[in-house]
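> next comes the sequence, and after it the predicted model I'd like to discuss.
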Amino acid sequence: MYEVIHFFTDLQDDNYPYNAGDIFPHNGLKVSEERLKELSSNNNRQKKPLIRLAEEVVEPLPFSDNDIEFEERPQATYS
């Protein structure tokens, strides 16, 4: 899985737009190793890497208020 680091439109995918932070390729699209090398190097029309290998994309887990623990504090008293 690759992460987009610079905006580009994929000329080989009907000008599909990719913004920085997007995952490449989108929706399980199959691309060749040659295409991955092209987009991750200076060997493309923008002359700069447009994607990089993603470390690990972790989807945030949904949580509820029940997942948060609160510390009990003594009530303040005022005279």
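Looks like it arrived, so ask away.
> okay, CA-based contacts and neighbour counts for the rest of this
Noted.
> quick one: average pLDDT of stretch 45-64?
Averaged across stretch 45-64, pLDDT comes to 79.
> now do the same contact list for residue 21.
3-5 (CA atoms under 8 Å, 6 or more residues apart in numbering).
> make a markdown table from those and add neighbour count to it.
As requested, the contacts of residue 21 are exported to a markdown table (neighbours: other CA atoms under 10 Å):
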| residue | neighbour count |
| --- | --- |
| 3 | 22 |
| 4 | 22 |
| 5 | 18 |
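> ranges for the helices of this structure?
For the chain, the helices defined by DSSP state H cover 33-39.
> ranges for the strands of it?
With DSSP state E, the ranges of strands along the chain come out as 2-4, 8-10, 16-18, 23-24, 51-53.
> the fourth one packs against which elements?
Just to be clear, that refers to strand 23-24. Counting contacts by 3 or more CA pairs under 8 Å, 6 or more residues apart in numbering; DSSP states H and E, strand 23-24 packs against strand 2-4.
> one more: the first one?
Here strand 2-4 is seen to pack against strand 23-24, strand 51-53 when contacts are counted using 3+ CA pairs under 8 Å, 6+ apart.
> and the strands of the chain as TSV, adding distance to residue 43?
Formatted as TSV, the strands of the chain follow (distance: least, CA to CA, whole Å):
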stretch	distance to residue 43
strand 2-4	16
strand 8-10	14
strand 16-18	18
strand 23-24	17
strand 51-53	12
